[in-house]
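Visitor: Need coordinates for the following:
(chains A and B)
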Amino acid sequence: KNEVEQSPQNLTAQEGEFITINCSYSVGISALHWLQQHPGGGIVSLFMLSSGKKKHGRLIATINIQEKHSSLHITASHPRDSAVYICAVTNGGGADGLTFGKGTHLIIQP
Amino acid sequence: DGGITQSPKYLFRKEGQNVTLSCEQNLNHDAMYWYRQDPGQGLRLIYYSQIVNDFQKGDIAEGYSVSREKKESFPLTVTSAQKNPTAFYLCASSIWAGNTEAFFGQGTRLTVV
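Guide: Predicted structure coming up:
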């Protein structure tokens, strides 16, 4: 079973700062997801990666398959970015869905 | 628009009562999943279904039951046997089991008092 670790668990930063959230996993995967969860629980899918880098607005996600590591970056952070960010992996060939990290609770102060 | 609908968003029940959480998708996906989230823990798999009329237990299936009579619907029943039912429940789907792209519902927060 894959083990997914995220760091940091909690992060408080000032508006405008560059944010990095890290995710590592123990077993080879077919894809990695970054999700955003706002207070109240609703989950939004931000990225799905199997290699390289993706960018959407101020968000950038990278993955290094050899090192089993991914990062989510937020540029020019804003208080509306405050949320829990969750990393999840699809186990290669597995039919039993995703394995999730515990999440990173991000607070951006004005 | 295609997507996954979970209802209701918030649900309150008395201890000892069974409660059924709804999950409907109009994406024509074969595979559907139920996950549970507790404070400080990652989402964990309760049950999954690869195709209509078929489902398998996940990591924490005790105290839960599911059915998959229709492709678009995968309801989860939290039974009175579930010792700690208060949690956030998330439904997800993918076009087929093992496919990398997953779609998520908005979740249901269940509180049992």
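Visitor: Those residues of chain B touching chain A, which are they?
Guide: Within chain B, the positions adjacent to chain A are B:9, B:31, B:33, B:35, B:37, B:40-45, B:48, B:50, B:56, B:58, B:88, B:90, B:92, B:94, B:97-98, B:100-107, B:109 by CB under 8 Å from any CB of the partner chain. (Each C-beta comes from the backbone N, C-alpha and C, glycine too.)
Visitor: what residues does the helix or strand of chain B with the lowest mean pLDDT touch?
Guide: Across the helices and strands of chain B, mean confidence by mean pLDDT, DSSP states H and E is lowest for strand B:103-104: a mean of 88. Here strand B:103-104 makes contact (CB atoms under 8 Å, 6 or more residues apart in numbering or on different chains) with A:35, A:43-45, B:3-4, B:25, B:27, B:29, B:90-94.
Visitor: go again using 6 Å as the cut-off
Guide: Strand B:103-104 has contacts (CB atoms under 6 Å, 6 or more residues apart in numbering or on different chains) with A:Ile43, B:Ile4, B:Ala92, B:Ser93.
Visitor: could you dump those residues to JSON lines with neighbour count, distance to A:Ile29 and pLDDT?
Guide: Below are the contacts of strand B:103-104 laid out as JSON lines (neighbours: other CB atoms under 10 Å in any protein chain shown; distance: CB to CB, whole Å; pLDDT from 0 to 100):
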{"residue": "A:Ile43", "neighbour count": "23", "distance to A:Ile29": "19", "pLDDT": "86"}
{"residue": "B:Ile4", "neighbour count": "22", "distance to A:Ile29": "23", "pLDDT": "94"}
{"residue": "B:Ala92", "neighbour count": "26", "distance to A:Ile29": "17", "pLDDT": "93"}
{"residue": "B:Ser93", "neighbour count": "27", "distance to A:Ile29": "19", "pLDDT": "93"}
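Visitor: Closest one to A:Leu106 out of those residues, please.
Guide: The closest of those to A:Leu106 turns out to be A:Ile43 (CB to CB; 14.8 Å).
Visitor: Now do the same contact list for the residue sitting nearest the centre point of chain B.
Guide: Geometric centre of chain B, nearest residue: B:Trp34, 3.1 Å, by CA atoms, centre = their mean. In this structure, B:Trp34 makes contact with B:Ile46, B:Tyr47, B:Leu76, B:Cys91, judged by CB under 6 Å, 6+ apart.
Visitor: now, which of those lie within strands?
Guide: B:Ile46, B:Tyr47, B:Leu76, B:Cys91 (DSSP state E).
Visitor: Which strand residues bridge the residue lying closest to the second one once chain neighbours are set aside?
Guide: What sits nearest to B:Tyr47 in space, not counting adjacent residues and going by CB to CB, 6 or more residues apart in numbering or on different chains, is B:Val66, at 4.5 Å. The residues paired with B:Val66 through beta bridges, assigned by DSSP bridges, are B:Leu76.
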